[in-house]
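Peer 1: Model the structure of this input:
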Amino acid sequence: MNGKMKSGKDLTRGPIGRTLFTLALPIVFGMALQTGFNIIDTFFVGMLGSEELAAISVTFPVVLIFIAIAVGLSVGTTALVSQALGARKDEEATNVAEHSLLASVIVGIVVVALGITFSSPLFEFMGVHGEVLEMTVAYANLIFIGFIFLFIGFLSQGIIQAGGDTITPTKNLAISVVANIILDPILIFGLGPIPAMGLVGAGFATVLGRSIGAFLNIFHLLAGRASVKIRLNCFCFDPSILSKIFMIGWPSSVSHSINSVGFVLLMSLVGGFGTSALAAFGVGIRLESLAIMPILGIASALIPFVGQNIGAGKMERAGRGVTLASYVVLALMLLITAFWYFVPDVLYAPFTSDPTVMSIGVDFFMLVASGYPFLGLGIIIGAAFQAAGRTTLQMVINLFRWIAIIVMAYVLVDPMGINGIWIGFPLGHFVGFVAFFLFLKSGFWLNELEAKRKQQTE
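Peer 2: Model prediction:
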């Protein structure tokens, strides 16, 4: 059905800066909340000891591998739904949304099976052994079971955001994080008749919190409150729609998986320096993910903005949005770099009192933070490519960036020790930014789409 967008926001009109700001602000808050799941767990688990902290630390990059699949499907869904809404093709947007929810359940079940099956050998490869390995596997398997809810939550959030509504999923996520905050100390340390479950309790709290957020998003969609009207009784399976979602989403999934695999490879290298090094690296990754939340929020807002404007044929407006977002991100990342360079010890203090972990963590941030401006600009340009359906291009450049990081880390670790690993990050971020920028300036990411649109109108 073609017509006017019934709800949500029309992102093809109005001031670009204000539009992006109103879109990004709730997303930034929401992503900070999403990171809160990991930060909260790290805070409470850190009270149990260094071994438990190491266990949750090595789990994080592995979990990110599977989250990458959810992110990719969400990117494919958001890009297709936003382009359909921008072109006023409401029925097409609904079909994409319904099929994406089906995909979230199917893929979620497959991911749970794979995660539980291969968790033990994977953590052994990363250098985890003995009691720490047992704790890690027990915690990770619980997190894997909760991935069904995570997938449903990610894709339902993408559907809602594609219509320009970034506030509703943020509210729902806030409720789930509050639930996690309440459940974490109760299940980890025990309360009244509830026994102390330690690290396993942290896993239960995370799964329960995520299930609440997923349920609230689905309820919002089924109640007909979003731009896309989900009507399960009218659903008619069309494999071509699933194919489109996967074709756009799989490169993004692979791209995010590359990030996670890169962290796993580096984690195996860091593991050679002992449990304290693993703990410091794990905490550092979590803190870094919190630091780049504003950038990821702007990037997430850019996807529906660029998508709707491409769907409406407003290529120049889409390009201006990318330029403005890049300037804002550069300023933010310079501020974050300065802050993290000068006070890294303050950042680590809430999570550990171990002087060795603290010392390694301080060196980590003083070296890694110098590459943040290049990382931020690369994320923004990559988001623009994703919105235009150029997810393969984004994937290839991200792979190129991680190859540079890993190669430099392995080359420098012998002469410089663990600091050689840290130096690989800013060097790789710079290489990735240069590649992203060259393709952006070439106009390649928009030229083919504009040509196809002109052919359709002739």
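
Peer 1: and the residue nearest the centre of the chain, how far is that from residue 299?
Peer 2: By CA atoms, centre = their mean, the chain has its centre lying nearest to residue 71, at 6.2 Å. According to CB to CB, to the nearest Å, residue 71 stands 11 Å off from residue 299. C-beta coordinates here come from the backbone N, C-alpha and C atoms, glycine included.

Peer 1: Residue 432 now?
Peer 2: 14 Å.

Peer 1: show me what contacts the nearest residue to the residue nearest to the centre of the chain once chain neighbours are set aside?
Peer 2: When the adjacent residues along the chain are set aside, residue 71 lies closest to residue 256, with 4.9 Å between them (CB to CB, 6 or more residues apart in numbering). Each residue near residue 256 by CB atoms under 8 Å, 6 or more residues apart in numbering is listed here: 64, 67, 68, 69, 71, 72.

Peer 1: Please list the members of these that lie in helices.
Peer 2: By the criterion of DSSP state H, membership of the contacts of residue 256 in helices covers 64, 67, 68, 69, 71, 72.

Peer 1: Helices of the stretch 1-150 of the chain, start to end?
Peer 2: Under the criterion DSSP state H, counting those that start in this stretch, the stretch 1-150 of the chain contains helices at 16-46, 50-86, 90-125, 130-145, 147-162.

Peer 1: weakest of those by average pLDDT?
Peer 2: Least confidently modelled of the helices of the stretch 1-150 of the chain is helix 16-46, at a mean of 75 by mean pLDDT.

Peer 1: Residue 104 is in contact with residue 149, isn't it?
Peer 2: No: in this structure, residue 104 is not within contact of residue 149 by CB atoms under 8 Å, at 9.7 Å.

Peer 1: Compare these two (neighbour count), which wins?
Peer 2: Comparing residue 104 with residue 149 by other CB atoms under 10 Å, the one with more neighbours is residue 104, at 27 against 22.

Peer 1: That one and residue 93: what is the separation?
Peer 2: Residue 104 is 17 Å from residue 93, by CB to CB.

Peer 1: Could you report the separation of residue 47 from residue 189?
Peer 2: Here the criterion is CB to CB. By it, residue 47 lies 8 Å from residue 189.

Peer 1: These two: who's more crowded?
Peer 2: For the pair residue 47 and residue 189, the greater number of neighbours falls to residue 189 (16 against 13), based on other CB under 10 Å.

Peer 1: nearest residue to the more buried one other than its sequence neighbours?
Peer 2: residue 196 (5.2 Å).

Peer 1: May I ask you to confirm that the one you found belongs to a strand?
Peer 2: No: assigned with DSSP: H, G, I helix; E, B strand; the rest coil, residue 196 falls outside any strand and is coil.

Peer 1: Quick check: phi and psi on it?
Peer 2: Dihedral pair for residue 196: phi -70, psi 120, per degrees, to the nearest 10.

Peer 1: count of neighbours near it?
Peer 2: By the measure other CB under 10 Å, the count of residues near residue 196 is 13.

Peer 1: Tell me who's in contact with it.
Peer 2: 188, 189, 190.

Peer 1: Just the pLDDT at it, thanks.
Peer 2: In this model, residue 196 is scored at 88, pLDDT.

Peer 1: Buried ones in stretch 269-276, by neighbour count?
Peer 2: 269, 270, 271, 273, 275, 276 (16 or more other CB atoms under 10 Å).

Peer 1: show me where pLDDT drops low in the stretch 251-400 of the chain?
Peer 2: Within the stretch 251-400 of the chain, no range satisfies pLDDT under 70.

Peer 1: For it, which segments are assigned as helices?
Peer 2: Assigned by DSSP H, counting those that start in this stretch, the stretch 251-400 of the chain shows helices spanning 275-291, 293-311, 315-342, 344-348, 355-368, 372-387, 391-416.

Peer 1: nearest to residue 81, of these?
Peer 2: The closest of the helices of the stretch 251-400 of the chain to residue 81 is helix 293-311. By CB to CB, the value is 8.0 Å.

Peer 1: could you check the angle helix 315-342 makes with the closest one?
Peer 2: For helix 293-311 against helix 315-342, the angle by axes from the mean of the first three to the mean of the last three CA atoms, to 10 degrees is 170 degrees.

Peer 1: Look up how far residue 398 lies from residue 246.
Peer 2: Noted for residue 246: a distance of 18 Å to residue 398, by CB to CB.

Peer 1: more neighbours, the two?
Peer 2: Taking neighbours as other CB under 10 Å, residue 246 and residue 398 compare with residue 398 leading, 25 against 17.

Peer 1: Might one say that that one is in contact with residue 429?
Peer 2: No: using CB under 8 Å, residue 398 makes no contact with residue 429, being 10.9 Å away.

Peer 1: Tell me the spacing between the closest residue in space to residue 32 that isn't next to it in sequence and residue 421.
Peer 2: Counting by CB to CB, 6+ apart, residue 32 lies nearest to residue 293, which is 4.8 Å off, once chain neighbours are set aside. Remark: distance between residue 293 and residue 421 (CB to CB) = 24 Å.

Peer 1: Neighbour count: the two, which is higher?
Peer 2: Comparing residue 293 with residue 421 by other CB under 10 Å, the one with more neighbours is residue 421, at 26 against 20.

Peer 1: On the three-state scheme, residue 237 is what?
Peer 2: Looking at residue 237 with three-state DSSP, the answer is coil.

Peer 1: burial count for it?
Peer 2: That count, for residue 237 with other CB under 10 Å as the rule, works out to 9.

Peer 1: so who does it touch?
Peer 2: By CB under 8 Å, 6+ apart, the contact set of residue 237 is 99, 102.

Peer 1: do you know how far it is from residue 406?
Peer 2: 41 Å.

Peer 1: cool, and residue 433?
Peer 2: Counting by CB to CB, the separation of residue 433 from residue 406 is 17 Å.

Peer 1: Settle it for me: which of these two has more neighbours?
Peer 2: Set residue 433 next to residue 406 and count neighbours by other CB under 10 Å: residue 433 wins out with 21 against 18.

Peer 1: The closest residue to residue 352 other than its chain neighbours: what's it in contact with?
Peer 2: The shortest distance from residue 352 to any non-neighbouring residue, by CB to CB, 6+ apart, is to residue 46 (5.7 Å). Going by CB under 8 Å, 6+ apart, residue 46 touches 52, 53, 283, 350, 351, 352.

Peer 1: and these, which are buried?
Peer 2: When those are checked for burial by 16+ other CB under 10 Å, the buried set is 52, 53, 283, 351, 352.

Peer 1: Which of those sits closest to residue 311?
Peer 2: residue 283 (41.9 Å).
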